[in-house]
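*Asks:* pasting the structure only:
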Ligand SMILES: Nc1ncnc2c1ncn2[C@@H]1O[C@H](COP(=O)(O)OP(=O)(O)O)[C@@H](O)[C@H]1O
Ligand SMILES: [Mg+2]
């Protein structure tokens, strides 16, 4: 089974739309897919799926330990099931980090070919950890400066979280803190110098950091493209992430802004469907294939 | 101080984000694209105020790109491909029926003067052609098609579906003319 995590973008860039579209496409390819609405603060997947009243939601998992398999509901699309977010409470994001980490362990036990997590916005630890643990990491950006800037910030947070995790696994956390405190003595001024110094302290740390960092391979999706000139921004983000953040990113392509999408809701049907004249289905198909292709290439090179 | 090691071919290709065995054309395309990304045009949209994007960091990347390209071009005339440069990475994702010639040319970073020099078509015709000011084109349809094809070719665009879509707009305009 492959776990996909969709995150990275600012609110409103289209993480939910992309998660949903990936789920639909993979199901149409004949896979068993489960979508998980892990955007605790703003669950939308049920709406994209055209499902009005989810009988049970993630709240049942957190509060009543209901098994995820029981919560997963059928959608209008064959092969696609949904584990809805907590849609019934005014206090949607009141689960603690330990509970959210437990969720990931349960997700790994699900019976499906693909599980797709809509992570929502934000850079809380559980979001960063889930992104790091996922087999397929998808980052959604819109072609505007604010969205792109937030995406870079998200990746910086992911990288920092990864570093912290590796430091604690290799028992170097306290040492690292003291090195940073006395950085002037060590001639360290940037975080990059700090890491270089830590690498010299422990070959094990260095090795684990390399291994873990190599697993960070986000696929970038550029959503809400209104002008073809914006397409190049996706290539620019891919390049900057690779060259300036040293993260092996790949550009999975763009999705055009569909002016008719808003009319596709509230009909008890999936918002993104094969049947409509929508450009979304076409674009999502191209993006899904690009991610699967890149994934195959990454695996072949390992 | 010893001189830095020259880049290997493999490193050069990696720097330009190309697979091994990339063609001369691919190399030039990738080079032109990266120059735009780390130069000013695209960078203005996508480089935030973060240390990773400092002018020094970008200059270092540009220098690396330049070195990779110069190393790879040794013994080859790669610059002759440059006019076609950025088309490939874009072509897969563009909607050529919808784009205007001017938008395409500008996105490709090609100046109109250069097209005029290379196609030997008068500048004012090219300008009217790309802005679809048909009234300023005192030409027969066959000439328009010919110029258009030459223009598109110099941008590295395939005639289909671009030229037929354009000619359709021209014919529509003619039909509407009193
Ligand atoms: N490609 C698109 N075309 C048209 N509308 C879109 C597109 N992508 C997103 N939207 C709309 O923009 C809004 C935000 O999208 P959403 O997927 O909810 O973003 P996020 O989950 O990142 O907050 C929604 O109203 C959605 O329907
Ligand atoms: Mg959302």
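*Replies:* That came through fine. Because the structure is predicted, anything quoted here is derived from the model rather than measured. Ligands and ions are numbered 1, 2, ... in the order given.
*Asks:* For ligand 2, give me its nearest residue in the stretch 51-200 of chain A.
*Replies:* Proximity of the stretch 51-200 of chain A to ligand 2 (Cβ to the ion) peaks at residue A:120, 5.5 Å away. For the C-beta atoms, the positions are set from N, CA and C on the backbone; glycine is no exception.
*Asks:* Tell me who's in contact with that residue.
*Replies:* A:7, A:11, A:15, A:38, A:39, A:40, A:41, A:42, A:127 (Cβ atoms under 8 Å, 6 or more residues apart in numbering or on different chains).
*Asks:* Now list the buried members of those.
*Replies:* Those of those that meet the buried threshold are A:7, A:15, A:38, A:39, A:40, A:42, A:127, by 16 or more other Cβ atoms under 10 Å in any protein chain shown.
*Asks:* Now render those residues as a markdown table, adding pLDDT, secondary structure and distance to ligand 2.
*Replies:* Output for the buried ones among the contacts of residue A:120, formatted as a markdown table (pLDDT from 0 to 100; DSSP: H, G, I helix; E, B strand; the rest coil; distance: Cβ to the ion, whole Å):
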| residue | pLDDT | secondary structure | distance to ligand 2 |
| --- | --- | --- | --- |
| A:7 | 95 | strand | 10 |
| A:15 | 97 | helix | 5 |
| A:38 | 93 | coil | 10 |
| A:39 | 91 | coil | 5 |
| A:40 | 86 | coil | 11 |
| A:42 | 88 | coil | 5 |
| A:127 | 92 | helix | 12 |
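*Asks:* so which of those are also by chain B?
*Replies:* Among these, no residue sits close to chain B (Cβ under 8 Å from any Cβ of the partner chain).
*Asks:* Let me have the residues you listed in TSV, extended by distance to residue A:255.
*Replies:* Shown next, in TSV, are the buried ones among the contacts of residue A:120 (distance: Cβ to Cβ, whole Å):
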residue	distance to residue A:255
A:7	16
A:15	12
A:38	21
A:39	19
A:40	25
A:42	20
A:127	22
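*Asks:* between the residues you listed, which is closest to ligand 1?
*Replies:* residue A:15 (3.5 Å; Cβ to the nearest ligand atom).
*Asks:* Distance of the closest one relative to residue A:100?
*Replies:* Relative to residue A:100, residue A:15 is positioned 17 Å away (Cβ to Cβ, to the nearest Å).
*Asks:* what about the helices in chain A?
*Replies:* According to DSSP state H, chain A carries its helices in the segments A:15-28, A:45-49, A:58-64, A:68-71, A:97-108, A:125-133, A:145-169, A:173-181, A:183-186, A:191-201, A:203-214, A:231-244, A:279-301.
*Asks:* any idea which of these is most buried?
*Replies:* helix A:15-28 (a mean of 26; mean count of other Cβ atoms under 10 Å in any protein chain shown).
*Asks:* at contact distance from ligand 1, anything in it?
*Replies:* Yes. Applying Cβ under 6 Å from any ligand atom, one finds that helix A:15-28 is in contact with ligand 1 at A:15, A:16, A:17.
*Asks:* what packs against the helix or strand containing residue B:104?
*Replies:* Residue B:104 is part of helix B:101-107, with elements assigned from DSSP states H and E. Contacts defined by 3 or more Cβ pairs under 8 Å, 6 or more residues apart in numbering or on different chains; DSSP states H and E place helix B:101-107 against helix B:123-131, helix B:141-154.
*Asks:* Now tell me which of those helices the model trusts least on average.
*Replies:* The weakest mean pLDDT among the helices and strands packed on helix B:101-107 belongs to helix B:141-154, with a mean of 84.
*Asks:* Skip the chain neighbours and tell me the closest residue to residue A:294.
*Replies:* The shortest distance from residue A:294 to any non-neighbouring residue, by Cβ to Cβ, 6 or more residues apart in numbering or on different chains, is to residue A:250 (4.5 Å).
*Asks:* Tell me if I'm right that that neighbour and residue A:216 touch.
*Replies:* No. Between residue A:250 and residue A:216 there is no contact, the gap being 11.9 Å when judged by Cβ atoms under 8 Å.
*Asks:* Dig out what residue A:138 forms beta bridges with.
*Replies:* For residue A:138, the beta-bridge partners are residue A:6, residue A:219 (DSSP bridges).
*Asks:* Could I get the contacting residues of it?
*Replies:* Contacts of residue A:138 by Cβ under 8 Å, 6+ apart are A:4-8, A:18-19, A:22, A:218-219, A:221, A:252, A:291.
*Asks:* Over to residue A:85: give its phi and psi.
*Replies:* phi -80, psi 170 (degrees, to the nearest 10).
*Asks:* residues in contact with it?
*Replies:* A:37, A:38, A:39, A:40, A:42, A:43, A:44, A:45, A:46, A:57, A:58, A:92.
*Asks:* Looking at the residues you listed, which one is closest to residue A:169?
*Replies:* Closest approach between those and residue A:169, by Cβ to Cβ: residue A:38, at 24.3 Å.
*Asks:* Let me know which of the helices and strands packed on helix B:101-107 is the nearest to residue A:73.
*Replies:* Nearest of the helices and strands packed on helix B:101-107 (Cβ to Cβ): helix B:141-154, 51.6 Å.
*Asks:* Give me the angle between the closest one and helix B:123-131.
*Replies:* Helix B:141-154 runs at 80 degrees relative to helix B:123-131, counting by axes from the mean of the first three to the mean of the last three Cα atoms, to 10 degrees.
*Asks:* Just list what the next helix or strand after helix B:141-154 packs against, helices and strands only.
*Replies:* Next helix or strand after helix B:141-154 toward the C-terminus (DSSP H and E): helix B:159-176. Using 3+ Cβ pairs under 8 Å, 6+ apart as the contact test, the elements touching helix B:159-176 are helix B:141-154.
*Asks:* Does the helix it packs on reach chain A?
*Replies:* No. Using Cβ under 8 Å from any Cβ, helix B:141-154 never reaches chain A; the gap is at least 15.4 Å.
*Asks:* remind me which residues of chain B are low pLDDT?
*Replies:* For chain B, the stretches flagged by pLDDT under 70 are B:1-4, B:40-48, B:75-99, B:107-110, B:118, B:156-158.
*Asks:* quick one on the thing from earlier: from the contacts of residue A:138, pick the one nearest ligand 2.
*Replies:* Of the contacts of residue A:138, the one sitting nearest to ligand 2 (Cβ to the ion) turns out to be residue A:19, at 7.9 Å.
*Asks:* Is it correct that the closest one is in contact with residue A:117?
*Replies:* Yes. Applying Cβ under 8 Å, one finds residue A:19 in contact with residue A:117, separated by 7.4 Å.
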